[in-house]
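Novice: Sequence first, then the predicted structure, then my questions.
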Amino acid sequence: MQKAYTNIIQISGDVITVEAEGVGYLDIAQITTRRGVSLAQVIRIDSKKVSLQVFAGSRGISTGDRVRFLGRSMHVATGENLLGRIFNGSGLPLDHGPLLSENMVDIGAPSVNPVKRIIPNKIIRTGIPMIDVFNSLVESQKLPVFSIAGEPYNELLARIAIQAEIDIIILGGMGLKYDDYLFFRETLNAHGALSRCIFFIHTASDPTVECLLVPDISLAVAEDFALKGKRVLVLLTDMTNFADSLKEVSITMEQVPSNRGYPGDLYSQLALRYEKAVDFEGAGSITILSATTMPGDDVTHPVPDNTGYITEGQFYLKDGAIEPFGSLSRLKQQVNGKTRLDHRTIMDTMIQLFADYRETLEKQSMGFQMSDWDKKLLKYGLLFEKDMMSLKVNIPLENALDLGWQILADCFTPEETGIKLSIIQQFWPKE
Amino acid sequence: MENKRTGKVINVNANMVTAQIDGFIIQNEVAYIIRGHERLKAEVIRVRANHAEMQVYESTQGLKAGDLVEFSNELLSVELGPGLLGQIFDGLQNPLPALAEKCGFFLKRGVYFEALGNETKWDFTPLVKPQDKVLAGSWLGFVPEKIFKHYIMAPFALNGSLEVISIVSAGKYNLKHAIARLKDANGHIHDVFLQQSWPVKIPIRAYAEKLRPHQPLVTKMRLIDSLFPVSLGGTYCIPGPFGAGKTVLQQLTSRHAEVDIVIIAACGERAGEVVETLKTFPKINDPRTNKPLIDRTVIICNTSSMPVAARESSVYTAVTIAEYYRQMGLNVLLLADSTSRWAQAMREMSGRLEEIPGEEAFPAYLESRIASFYERAGVVRLYGGDHGSVTIGGTVSPAGGNFEEPVTQATLKVVGAFHGLSRERSDARKYPAIDSLISWSKYKSFVKAGDQEKGRAILRRSHEIAQMMKVIGEEGTSLNDYIQYLKGEFFDFVYLQQNAFDAVDEATTEERQVYLLGFICGILDSEYKLDDKPAALHFFQTLRQLMRTWNCAEYNSPEFERTEEQIEIFLEEKKIRKAE
């Protein structure tokens, strides 16, 4: 079964082609080179010519090196023993702990039958008003943070992870800067969360292709926990690096690129990972928060664009705050109807007024005279930015709603807000 | 019986597998790749000498060169018969609940069930007698299915005039029981069952003639019905960037549209959205029939993480089922979300076939495939004189929200109405986010043509003034123009926008739309005594709030009448009466 081949006939990019027989598509192989042993995965079979992507990169591979097929697809160890551990992108320990091999699961397992899913219904409270009030995060949601590279997206992910009430945190790092990896470790440790964390870390200095396995490994481990009733939060940062690695391999394989060099199946590839977010009936759940950096702050770039079509909304991080426009939680209506009666009203009204404020701001910058209404909007906008939008704010949802009413009452008369009378009567702050 | 033709796998490239075969190969025939106990369904999409290139409808993980391939002689087909309603299938018409029962949480590849279970016995009533002459598609009898008479038809595949040789008497039969025998012009005898199968990529043409769509389809969405209507048997598309509300719009349409049957094709989209439909429809009653909505719904679901090739088959499966119910004289609405995913699946395959790519790497045949799909919509007169229709509404997910891309453009060429969603509107939480300045429709609405034109005109005018105000400022705008601007905003806010979370406001009946639009046009036509701009703004803000309360009141309820009176009084105070 485990036959070794030594006739590598092509090395191109991080893909090698070897002549072999009886090899299954997506099977795993080990390549023994002078530098050590690397894992590789079959990505094309052309009768006897088998192409593999080499996770450690092809540098230094000789045409005479041994390729040993393991006769199975990629598996990863799962279970409680992983908690508190740190692994690399291929699932090997980085923390000098023991190599684990129990409860091995296939990382390419099929997707969940849609009829076995349940409608998500549990809010995840984060203490961030821009999330809790305006775009509530829901258990089993898949949600990316869109931002340019300089924004504090990793800080945001870490903060949500610490404050959210979940059982297990899995961090999948792709092309993560070493500093950022240390940041995650220290922050989670400082909050005593490290013992319920599992890290799969591919850093920026590791071979690019190795990051391709990170989402699959992280999610396979998460799925195993979720099936055992745990509520798991998976952080994937940064998915743009994952997409770039896909691009690299597909170009090497001479596939026709579709948009800016990305492969035509980028959507399907991303969806395959994000769709692992699930709430199992009678078991646990997987919630996915990811970071997607947008080259040039361009939301129409293929990676954020395709991601946006897959995920259940997005948080758009701009100038250090979650931007109300462009940010969206598609599942918020599953939960914000049963938090408090005024939740949706506050959410809609404040955003509509904030949109008006932005327009006024534009008018102001063009030097137009400000009407009384404009002045009210300007006052409102500043209060909103300071008390609601700032990431420094850390208050429970109910307090945030009260604060919302206070801001509205400070700036407007009830009818100016366009809110239904019955709600006004119940919630408008009395003098 | 000829021998089963078999071949061997030689290439595996993601979901494209090439097999070598010695015998003949039929283009688009179904083949099965055998791996251990698993049989993976595939379709031949290109033939090169003795190589059959196939798209595989399952994950190809673990396939090896040398694996056995069995060819079936048959094109990809669906089973048509009683029992489709209320079901949820994958793109290959595999019933997902049955799959869940057998395989648990996860989909298992290579497990296929019969689309229509054979356990149920159906109460059949014949409509023809021996010696009657019938045609393919003629009604031979019916069985009750949910709230409908499900007509059992002469197989669509037969040609010419057919003679009924025998037919069973009224009674209970299962799907595999022959209920009639027909003789064709050549003297061949054909058995007829309660179910028949039909190849998905070929339209069913068993009708007398195709007619022009003229009757409006009521979606209960004011913006659509009043300004950009769709006709029964028409086609429309909803392109929009992500997050603009395509799916919410489709979901509400599937709930409220006044049609007999809704087919939902969830093609390459989120599983969560299907789940919502799946779990809520059994609990919501259709006000027209007072039966759960699920009874009039068929869901074809091939979500984004399910095998890509089956996305293509899912839209064809859906439209074939839609055509089948149309043949019973019913009005069917097919909602496909999203056609872009189907186009992308074509692009993926085209790339693997190494075809010369067209724009954005989409294949050159993209346009013709899209056109022939939408052309399967229409109103038809059946042989018996009844009318049936298939209306197709497809969402498009253009890359980067840019409508200039190939899929949107190819779709716009063939549809009768265009509901373009805009990011600006959805960002401002305006629902539905259909941009009235770019959308169009070739169909006729049930509201008065004059009112419709008035609405469109005020929106255009208001937009012009808004643009102008950006340059010359509010102070540079005349009071008259400013009021026109406010009227446009007002019309948008109280008529075009609906509250999708309000039980009353989310759906407006035909009668109420006509009434409300007439009422609002009265306001748009009137002049009011407003001294300055702040007064005008205040006037319309107050009016807006009253109207919003009105919109949320049950039609003709005491609250409705009370609010209407309040609005009338408010308007009277400020109204300027023109000298007659």
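Specialist: It's in.
Novice: Output the contacting helices and strands for the helix or strand containing residue B:17.
Specialist: Here residue B:17 sits within strand B:16-21, counting by DSSP states H and E. Here strand B:16-21 touches strand B:6-13, strand B:29-35, strand B:51-56, strand B:68-75, going by 3 or more Cβ pairs under 8 Å, 6 or more residues apart in numbering or on different chains; DSSP states H and E. Heads up, the C-betas are built off the backbone N, CA and C, glycines and all.
Novice: now for the ones you listed, which one comes closest to chain A?
Specialist: With Cβ to the nearest Cβ, the closest approach to chain A among those belongs to strand B:6-13: 4.1 Å.
Novice: Put the alpha carbons of the closest one into PDB.
Specialist: Included here for strand B:6-13 are C-alpha records, laid out as PDB according to Å, rounded to 0.1, in the frame of the first residue of the first chain:
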ATOM      1  CA  THR B   6     -17.800   0.500 -19.200                       C
ATOM      2  CA  GLY B   7     -14.600   2.400 -19.200                       C
ATOM      3  CA  LYS B   8     -11.700   3.200 -17.000                       C
ATOM      4  CA  VAL B   9     -10.700   6.400 -15.300                       C
ATOM      5  CA  ILE B  10      -7.500   7.900 -16.700                       C
ATOM      6  CA  ASN B  11      -7.500  11.500 -15.400                       C
ATOM      7  CA  VAL B  12      -8.700  13.200 -12.300                       C
ATOM      8  CA  ASN B  13      -8.700  17.000 -12.200                       C
END
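Novice: Mind giving me the packing neighbours of it?
Specialist: strand A:36-46, strand B:16-21, strand B:68-75.
Novice: So the first one, near chain B or not?
Specialist: Yes: contact between strand A:36-46 and chain B, assessed by Cβ under 8 Å from any Cβ of the partner chain, occurs at A:44, A:45, A:46.
Novice: In ChimeraX, select just the buried ones from these.
Specialist: Listed next is the ChimeraX selection for buried residues among the residues of strand A:36-46 next to chain B, using 16 or more other Cβ atoms under 10 Å in any protein chain shown:
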select /A:44,45
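Novice: So which of the residues of strand A:36-46 next to chain B is the closest to residue A:373?
Specialist: Closest approach to residue A:373 among those (Cβ to Cβ): residue A:44, at 63.6 Å.
Novice: which residues does that closest one bridge with?
Specialist: Beta-bridge partners recorded for residue A:44 (DSSP bridges): residue A:51.
Novice: Let me see the contact set for it.
Specialist: A:50, A:51, A:253, B:11, B:12, B:13, B:14 (Cβ atoms under 8 Å, 6 or more residues apart in numbering or on different chains).
Novice: one more time with 7 Å, if that's ok
Specialist: Shown in contact with residue A:44 (Cβ atoms under 7 Å, 6 or more residues apart in numbering or on different chains): A:51, A:253, B:12, B:13.
Novice: Compare those and tell me which is most surrounded.
Specialist: residue B:12 (29 neighbours; other Cβ atoms under 10 Å in any protein chain shown).
Novice: does residue A:67 have beta-bridge partners, and which?
Specialist: Going by DSSP bridges, residue A:67 forms beta bridges with residue A:5, residue A:31.
Novice: pLDDT wise, what is it at?
Specialist: pLDDT for residue A:67: 95.
Novice: any idea how far it lies from residue B:229?
Specialist: 63 Å (Cβ to Cβ, to the nearest Å).
Novice: and the chain, what are its domains?
Specialist: Just so you know, I chose chain A. A:4-73, A:77-335, A:343-427 (automatic domain parsing).
Novice: oops, chain B please
Specialist: B:6-75, B:85-103+B:208-441, B:122-194, B:449-574.
Novice: Chain neighbours aside, what residue packs nearest to the closest residue to chain A within chain B?
Specialist: In chain B, the residue that lies nearest chain A is residue B:400 (3.0 Å; Cβ to the nearest Cβ). Excluding the flanking residues, the one nearest residue B:400 by Cβ to Cβ, 6 or more residues apart in numbering or on different chains is residue A:300, at 3.0 Å.
Novice: my read: that neighbour touches residue B:405, true?
Specialist: No: using Cβ atoms under 7 Å, residue A:300 is not in contact with residue B:405, being 10.6 Å away.
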